[in-house]
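Colleague: model this:
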Amino acid sequence: MAKGKRYLNAVKLFDREKLYPLSEAVSLIKQMATAKFDETIELHFRLGIDPRHSDQQVRSTVLLPHGLGKTVRVLVFAEGEDARAATAAGADFIGDDEMINRIQKENFLDFEATLAVPSAMPKVGRLGRILGTRGLMPNPKAGTVVQPEDLARAINELKAGRVEFRNDKTGNLHVPVGKASFSYEQILGNAQAITDAVQRQKPSAVKGIYIKRVTLTSSMAPGVHIDMSAAAQAQTLPAAGD
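Modeller: Next up is the predicted model:
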């Protein structure tokens, strides 16, 4: 497939075989993201896991310090007092029986994130096929099934930029970092938070190399490979006293 002029010019700006410290990769991506729309920036991780095994799954959440630059509409599955508490905390939709029927019959999916209290999960299970394929099914491992007293915190975190990540069927991760319009510091801060979070989720069953390759990309630019060595990552952190 032929590449456009913008892409070909971007390739000339760096060595595609070289590993760059995260700080340099962010600078390069900012320089190359010149499309007429606000490009999305993502991190892609090639992991040394076997996704066929349940003890080698990578799934968690990370709270991005600078958010994702978009409005997040949150649906909370709860009833009674828990539902009222969720509404007071800023939930956009309540997943009661009426909403569950609406999702089933009308395929209503006008939201970006979901939460549930444990007591609501038996009913939520009816939506597994609809929500699961879209990454919207509440799950304890992802921190989206929460106790009623934690609802306000969870809602606020989702709206502020909490992102769930999980490996795909090939054992890779794809995590949004932000928008090209973000400042260098915002992109770097979010990217650092993501790489730290992924590193902490290494399954104990993985004995070889856990993170084989990390690539920072934008929607229309070539990917820049990241040097994940300790020395390279130290360059992205502020010096003591800053």
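
Colleague: contacts and neighbour counts: CA atoms only from here.
Modeller: OK.

Colleague: Measure how far the helix or strand hosting V163 is from the centre of its chain, please.
Modeller: V163 belongs to strand 162-166 when assigned by DSSP states H and E. Averaging C-alpha positions (CA atoms, centre = their mean, to the nearest Å) puts strand 162-166 4 Å from its chain's average.

Colleague: Run me through the strand neighbours of it, direction for each.
Modeller: Strand 162-166 has its sheet partners listed here by DSSP bridges as strand 59-63 (antiparallel).

Colleague: who's in contact with the strand it pairs with?
Modeller: For strand 59-63, the surrounding residues in contact (CA atoms under 8 Å, 6 or more residues apart in numbering) are 141-143, 157, 160-167, 193-194, 197, 201.

Colleague: Those residues: which two are farthest apart?
Modeller: Considering CA to CA, no two members of those lie farther apart than A160 and N167, which are separated by 23.0 Å.

Colleague: So R213, which state does it fall into?
Modeller: R213 falls in the strand class when you classify it by DSSP: H, G, I helix; E, B strand; the rest coil.

Colleague: Can you show me the strands along the chain?
Modeller: In order along the chain, the chain carries the following strands (DSSP state E): 40-47, 59-63, 74-77, 93-94, 113-116, 162-166, 172-179, 211-218, 224-225.

Colleague: Just the buried positions in the lengthiest helix in the chain, please.
Modeller: Criterion DSSP state H: the longest helix present in the chain is helix 184-200. Within helix 184-200, the residues that qualify as buried are 186-195, 197-198, counting by 16 or more other CA atoms under 10 Å.
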